[in-house]
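**Q** Let me see the structure of the following:
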Amino acid sequence: MNKTIDINCDLGEGGKFDADIMPLISSCNIACGGHFGDKKSVENAVNLAKTHNVNIGAHPSYPDFENFGRKSIDITENDLKNHLHQQIDLVEMTCKANEVKLHHIKPHGALYNDMRKSQTITNLILEVVAERNLDLILFTPPFVKFSSKIPESITLWLEGFADRAYQNDLSLVSRDENGAVLNDPDLISKRVLSMVHNQEVLSLSGEIIKHEFDTICVHSDTANALKILEVLKAKLIENRIKIGENYDS
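**A** You can find the predicted model right below:
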């Protein structure tokens, strides 16, 4: 193998294939009560990740079960910070109980997308992660701007999406639009190979965008998610690309 790429997946969201998906990835993002999840689902996901030696991340969101965290909501900064800490606490405490490490934080849904739109949200998320007093990785979309210095305890990983379409500015195409979600395993595999080998991704309009990614996500609720990951893993191995953490990131 001459290249390595982290493949991550959002798990603990009520899907039927978490146990089958976990061996195919290197990092998981565990729903922790904002958009989905509770103590039992987090425990199940952490145990699965530990069994398969998969990096464990907390996947906090706006507190919004009704919309699965996919809509921005009106909430005070203080309340949002408290909610995010409570969600991350659930994963961190479960990790400690199982003698494994909390590896990263990946905001979910609208909260994640708002990192590109709102300096207030970006700064708040950075503050929350810094206040954990742990060495942590923060998954971010491309072109997020931080107005304050990144603490030494936080490493930023730029995330790409295998199964979501991009606009020309590398913002995600709204799920309400046709073509926003990709579910063809062969097409997605070609897309990921291009992202890894050429640092390129094709936008919905057909423009080739140059960008490097530290981690690439396949969503567990995408149709064919398990098949996508099975085909993707085989294609990566075939092309001498290892699934795992790139320590040069």
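
**Q** Span of stretch 144-151 from start to end?
**A** Stretch 144-151 stretches 16 Å from its first residue to its last (Cα to Cα, to the nearest Å).

**Q** What lies in contact with that stretch?
**A** Stretch 144-151 has contacts (Cβ atoms under 8 Å, 6 or more residues apart in numbering) with 115-116, 119, 122-123, 126, 130, 156. Using the backbone N, CA and C atoms, a C-beta is placed for each residue, glycine as well.

**Q** Determine which two of those are furthest apart.
**A** Spanning the widest gap among the contacts of stretch 144-151 are Arg116 and Ala130, at 19.8 Å by Cβ to Cβ.

**Q** hey, where'd the helices end up in this protein?
**A** Assigned by DSSP state H, the chain shows helices spanning 18-21, 39-51, 77-97, 109-114, 119-130, 185-197, 225-238.

**Q** From the centre of the protein outward, give me the first residue you hit.
**A** Geometric centre of the chain, nearest residue: Lys106, 5.2 Å, by Cα atoms, centre = their mean.

**Q** Identify the residues contacting that one.
**A** Residues near Lys106 by Cβ under 8 Å, 6+ apart: 8, 10, 29, 57-59, 112, 138-139, 159.

**Q** With adjacent residues omitted, what lies nearest to it?
**A** Of all residues not flanking Lys106 in the chain, Phe139 sits nearest, at 3.9 Å (Cβ to Cβ, 6 or more residues apart in numbering).

**Q** Pretty sure Ile105 is one of the things that neighbour touches, is it not?
**A** Yes: judged on Cβ atoms under 8 Å, Phe139 makes contact with Ile105 at a distance of 7.0 Å.

**Q** Show me what stretch 197-206 is in contact with.
**A** Residues from elsewhere that reach stretch 197-206 (Cβ under 8 Å, 6+ apart): 3, 160, 165-168, 170, 173, 179, 191, 194-195, 208-213, 239.

**Q** swap in stretch 121-130?
**A** Applying Cβ under 8 Å, 6+ apart, the contact partners of stretch 121-130 are 77, 80-81, 84-85, 88, 105, 107, 111, 114-115, 136, 138, 144-148, 150-151, 153-154.

**Q** and the gap between Leu136 and Gln119?
**A** According to Cβ to Cβ, to the nearest Å, Leu136 stands 21 Å off from Gln119.

**Q** next one: Lys106
**A** Distance of Lys106 to Gln119, computed by Cβ to Cβ: 20 Å.

**Q** Ok, Pro185 next?
**A** On the measure of Cβ to Cβ, Pro185 and Gln119 end up 38 Å apart.

**Q** residues in contact with Ile25?
**A** Taking Cβ under 8 Å, 6+ apart, we find Ile25 in contact with 7-9, 54, 218, 229, 243.

**Q** how close does Pro23 get to Ile241?
**A** Pro23 is 17 Å from Ile241, where distance means Cβ to Cβ.

**Q** how close does His197 get to Ile237?
**A** According to Cβ to Cβ, His197 and Ile237 sit 14 Å apart.

**Q** One more: Ile209?
**A** Applying Cβ to Cβ, the value for Ile209 to Ile237 is 26 Å.

**Q** re the thing from before, show me which of the contacts of stretch 197-206 are buried.
**A** Buried members of the contacts of stretch 197-206, scored by 16 or more other Cβ atoms under 10 Å, are 160, 165-166, 170, 173, 191, 195, 213.

**Q** so where's this structure shaky on pLDDT?
**A** For the chain, applying pLDDT under 70 flags the ranges 1, 247-249.

**Q** neighbours around Asn133, how many?
**A** Look at Asn133: counted by other Cβ atoms under 10 Å, it has 8 neighbours.
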